[in-house]
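*Asks:* Test case, fold it:
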Amino acid sequence: MTGPSARSAPSARSRTARSMGAALLALCLIAPASAFAYQPPASTYTTPDESDLDNHHGYVNRDGQAVHSPAHTRSGRVPEGASAQCRDGTYSFSRHHSGTCSRHGGVAQWL
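*Replies:* Model prediction:
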């Protein structure tokens, strides 16, 4: 038999795949982009002790938050609030993985 009446209905597997695809697309469209970005819990971020750092510069991150620029410590200890150590030995206080230590040789280790 040939023609339209000979076509079979879509298989259960293809219907399931389409449903899952539609659900993932809906999730991506509904969820804000910040939901997928790394953000340490606000309770874990502490302001570094300025007296132990070799510079007192800062910047405003993409969330509009003031963040201390990467710095060396005078004591050689890991400063409070540091999120990573850069390859040049500075400590970063970044709140996002993206761009951390970008002008300091990249991330040597996450803290």
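*Asks:* Going along the chain, name the strands of the chain.
*Replies:* Remark: strands assigned in the chain by DSSP state E are 58-60, 66-68, 84-86, 91-92, 107-110.
*Asks:* If you count contacts, what does the longest one end up packed against?
*Replies:* Spelled out, it's strand 107-110. Applying 3 or more C-beta pairs under 8 Å, 6 or more residues apart in numbering; DSSP states H and E, we find strand 107-110 packed against strand 84-86. In short, each C-beta sits where N, CA and C put it, glycine included.
*Asks:* now do the third one
*Replies:* Applying 3+ C-beta pairs under 8 Å, 6+ apart, one finds that strand 84-86 makes contact with strand 91-92, strand 107-110.
*Asks:* For the last one, which strands pair with it and how are they oriented?
*Replies:* Looking at strand 107-110 with DSSP bridges, its paired strands and their directions are strand 84-86 (antiparallel).
*Asks:* Tell me which residues of the strand it pairs with come out buried.
*Replies:* Ala84, Gln85, Cys86 (16 or more other C-beta atoms under 10 Å).
*Asks:* Between those residues, which sits nearest His96?
*Replies:* When the buried residues of strand 84-86 are ranked by distance to His96 (C-beta to C-beta), Ala84 comes first, at 10.8 Å.
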